[in-house]
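[1] got a sequence here, can you model it:
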Amino acid sequence: MSLAGAALPAEPDWSEAVTVREDPDLARELMSRLRPTGSPRRTSVTDLLSLRPAYWRFTVGAPPATPEREAMLESGRRLHRILGLVYAPEGQLEARVHDTLVQGRIDVLGDRPIEVKTSGYAPPARDPVSERPEHVDQVAMYSTLLGVNAARLVYLHTAGEEVRAAATYDLEFASLDPIRTAMGARVRSLTTACGQGSPAGLPRCPWFARGCEFRGASVCDCTGDELPAASLVADASPRSTPRPELARLLEDAVRARLAATHPPSIHRFRDLLYPRRGYFDATGPPEPSLVTPYESETDTYSRLVEALDTGPVGEATRLPTLADEPDEEVGGFRGAPVLVRTSRASRRLDPSTVLDRSPQHALQLGFRCVATGTNLARLVMGYERATESERIQVLEMTFDPSATFSRVWRSRVRRLDAARTRGDPTTLDPCPAWMFDGCPYRDRCGCGSTAGASQR
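    The predicted model follows:
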């Protein structure tokens, strides 16, 4: 009997496999890290590389990505996830680093920061210091935040699923002091521009003629005649050493990973959480008129994320996954999956009823535990209307037996595959009613505004 016509087994009840407890000690620790309400966040390393785009992000927000740009970004994210699997034995993935003014995420942190660049362009032929100075600036800032005089740049030249070339360079910096000084100067320049409401004093955008998203959205007023930014590392005497043996190992490892992959059944954890939405997400883009407008993150959310990111090095990282799907990264905190959410509710989540009232949180974390081979996860809630002392709630969830969520995962994938084979999403559970108003597929999904919670 075909999958489309087979009677699929019932999904197991997962609620008995979840234990929820509140962690007030961690909540207090995170509250002690919160920057004051409304105060400026730390500037990211990537913002310091391109001050004009950073200015527009801070003042008007990021423009919606075009389908072409989203496809390009999606391809890059997938390659970075595969590279994360390759580099997981080398050290921590996306380790957060910071000082009082600047923060960053290092692709891989081993004995030195490793920055990985995937591109359709060929890697530097001889020396990234002269051929890719902005890449050297970036990894030099990571080295400075860590207080380490060494770094590594890794390049992967790809075309679709084909790996064309790779290159690896080790970098050494004679001194980090001039880099630190230059970083402070760029922070001040960006802060001044945002305060004055004008990017006029900022250097030329390095992306001006290379697909700047703000220029494409007719947001920026750059002319291309602005003076370029001075190198951050010029006074640090950078020295690069090619590592062809590491590049060959990388090429072989990535090709092997790509050869072993197959078209994913699920692209996001959301496909498992809301299978009917996942069905329509895979059929093509929705009508533009139905897409919910971009909303910038709230101050509470950004403060929560920063509180998680500004602990000791290695506390907040990306967790390596065990399988090739979904094509989505899993954020980790102290070795366990973590979700950050905000709420305008007047009441905090009750650990004893959260599985019934908000099952999506447990499902999100349970699926992430399956993907990473862990059985403990954390939900960090920020309450927009709460007093500062009550701003954060931390719920710790333990999944035992974790195999229960593996069975739920497989059950939902089978049902989603069967619906795709039949071309009929009506056999999939409808999404919760609260998703209807913002759903871009509501004109054809069949859920209806009276749909109930689908997670249980």
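[2] what is the burial count for residue 156?
    24 (other Cβ atoms under 10 Å). Glycine gets a C-beta too; all of them are placed from N, C-alpha and C.
[3] contacting residues for it?
    79, 83, 116-119, 123, 163, 165-166, 250, 254 (Cβ atoms under 8 Å, 6 or more residues apart in numbering).
[4] flag the least confident of the residues you listed.
    Ranked by pLDDT, these bottom out at residue 79 (78).
[5] list the buried residues in the helix or strand residue 139 falls within.
    Per DSSP states H and E, residue 139 falls inside helix 133-146. Going by neighbour count (16 or more other Cβ atoms under 10 Å), the buried part of helix 133-146 is 133, 135-146.
[6] one more: stretch 146-162?
    146, 149, 151-158.
[7] re the thing from before, quick one: buried ones out of the contacts of residue 156?
    So, by 16+ other Cβ under 10 Å, the buried ones in the contacts of residue 156 are 79, 83, 116-118, 123, 163, 166, 250, 254.
[8] restricted to strands, list the residues you listed.
    If you go by DSSP state E, these have 116-118, 163, 166 in strands.
[9] could you dump those to a markdown table with distance to residue 431?
    Output for those, formatted as a markdown table (distance: Cβ to Cβ, whole Å):
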| residue | distance to residue 431 |
| --- | --- |
| 116 | 36 |
| 117 | 38 |
| 118 | 34 |
| 163 | 38 |
| 166 | 42 |
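[10] which of the residues you listed lies closest to residue 349?
    Using Cβ to Cβ, residue 116 comes nearest to residue 349 of these, at 37.6 Å.
[11] the stretch 351-456 of the chain: helices as residue ranges?
    354-357, 359-372, 403-422 (DSSP state H, counting those that start in this stretch).
[12] starting at the chain centroid, how far to the last one?
    I take that to be helix 403-422. Relative to its chain's centre, helix 403-422 lies at 25 Å (Cα atoms, centre = their mean, to the nearest Å).
[13] and it with helix 359-372, angle?
    100 degrees (axes from the mean of the first three to the mean of the last three Cα atoms, to 10 degrees).
[14] now helix 403-422: buried residues?
    For helix 403-422, by 16+ other Cβ under 10 Å, it's 404-409, 411-416, 418-420.
[15] and the helix holding residue 139, what does it pack against?
    Judged by 3 or more Cβ pairs under 8 Å, 6 or more residues apart in numbering; DSSP states H and E, helix 133-146 is in contact with helix 45-49, strand 92-98, strand 102-109, strand 113-119, helix 128-131, strand 150-159, strand 162-172, helix 177-196.
[16] will you turn those into JSON lines that also has distance to residue 351?
    Formatted as JSON lines, these follow (distance: least, Cβ to Cβ, whole Å):
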{"stretch": "helix 45-49", "distance to residue 351": "37"}
{"stretch": "strand 92-98", "distance to residue 351": "28"}
{"stretch": "strand 102-109", "distance to residue 351": "31"}
{"stretch": "strand 113-119", "distance to residue 351": "39"}
{"stretch": "helix 128-131", "distance to residue 351": "51"}
{"stretch": "strand 150-159", "distance to residue 351": "43"}
{"stretch": "strand 162-172", "distance to residue 351": "47"}
{"stretch": "helix 177-196", "distance to residue 351": "41"}
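[17] out of the helices and strands in the chain, which is least certain?
    Across the helices and strands of the chain, mean confidence by mean pLDDT, DSSP states H and E is lowest for helix 67-87: a mean of 74.
[18] tell me the angle that helix makes with strand 92-98.
    Using the same axes, to 10 degrees: helix 67-87 against strand 92-98 is 110 degrees.
[19] coming back round to it: any idea which of the buried residues of helix 403-422 is closest to residue 334?
    Residue 334 lies nearest to residue 405 out of the buried residues of helix 403-422, by Cβ to Cβ, at 20.5 Å.
[20] residue 399 is nearest to which of the helices and strands packed on helix 133-146?
    strand 92-98 (22.1 Å).
[21] quick check: buried residues in the closest one?
    Quick answer for strand 92-98 (16+ other Cβ under 10 Å): 92-98.
[22] do stretch 266-284 as well
    266-281.
[23] nearest to residue 354, of these?
    Among these, and counting by Cβ to Cβ, the member closest to residue 354 is residue 273, at 15.4 Å.
[24] doesn't residue 392 make contact with residue 308?
    No. Using Cβ atoms under 8 Å, residue 308 is not in contact with residue 392; the gap is 10.3 Å.
[25] so, low pLDDT: which residues of the protein?
    1-7, 65-71, 73, 285-297, 448-456 (pLDDT under 70).
[26] tell me, what residue is most central in it?
    residue 329 (6.4 Å; Cα atoms, centre = their mean).
[27] tell me the contacts of that residue?
    77, 81, 84, 94, 318 are the contacts of residue 329 under Cβ under 8 Å, 6+ apart.
[28] circling back: so which two of the buried residues of stretch 266-284 are the farthest from each other?
    269 and 280 (16.3 Å).
[29] and residue 326, how many neighbours?
    Other residues close to residue 326 by other Cβ under 10 Å number 21.
[30] please verify my assumption that it contacts residue 264.
    Yes. At 6.3 Å, residue 326 counts as touching residue 264 under the criterion of Cβ under 8 Å.
[31] before we move on, the earlier item: more neighbours, residue 308 and residue 392?
    Using other Cβ under 10 Å as the criterion, residue 308 and residue 392 rank with residue 392 on top: 26 against 21.
[32] from start to finish, how long is stretch 311-325 in a straight line?
    Distance between the two ends of stretch 311-325: 30 Å, counting by Cα to Cα, to the nearest Å.
[33] next up, the contacts around the residue nearest to residue 76 when sequence neighbours are not counted.
    Nearest residue to residue 76, sequence neighbours excluded (Cβ to Cβ, 6 or more residues apart in numbering): residue 118, at 5.7 Å. Residues near residue 118 by Cβ under 8 Å, 6+ apart: 76, 79-80, 83, 156, 158.
[34] one more: residue 275?
    Counted by Cβ under 8 Å, 6+ apart, residue 275 has contacts 412, 415-416, 419, 428-429, 454.
[35] if I look at it, how far off is residue 385?
    In this view, residue 275 and residue 385 are 33 Å apart by Cβ to Cβ, to the nearest Å.
[36] report how many residues lie close to residue 13.
    Residue 13 has 10 nearby residues by other Cβ under 10 Å.
[37] begin at 497, not 1, for the rest of this chat.
    Sure, I'll start counting at 497 from here, so that last one is residue 509.
[38] quick one: it from residue 906, how far?
    For residue 509, the distance to residue 906 - Cβ to Cβ - is 15 Å.
[39] how about residue 818?
    14 Å.
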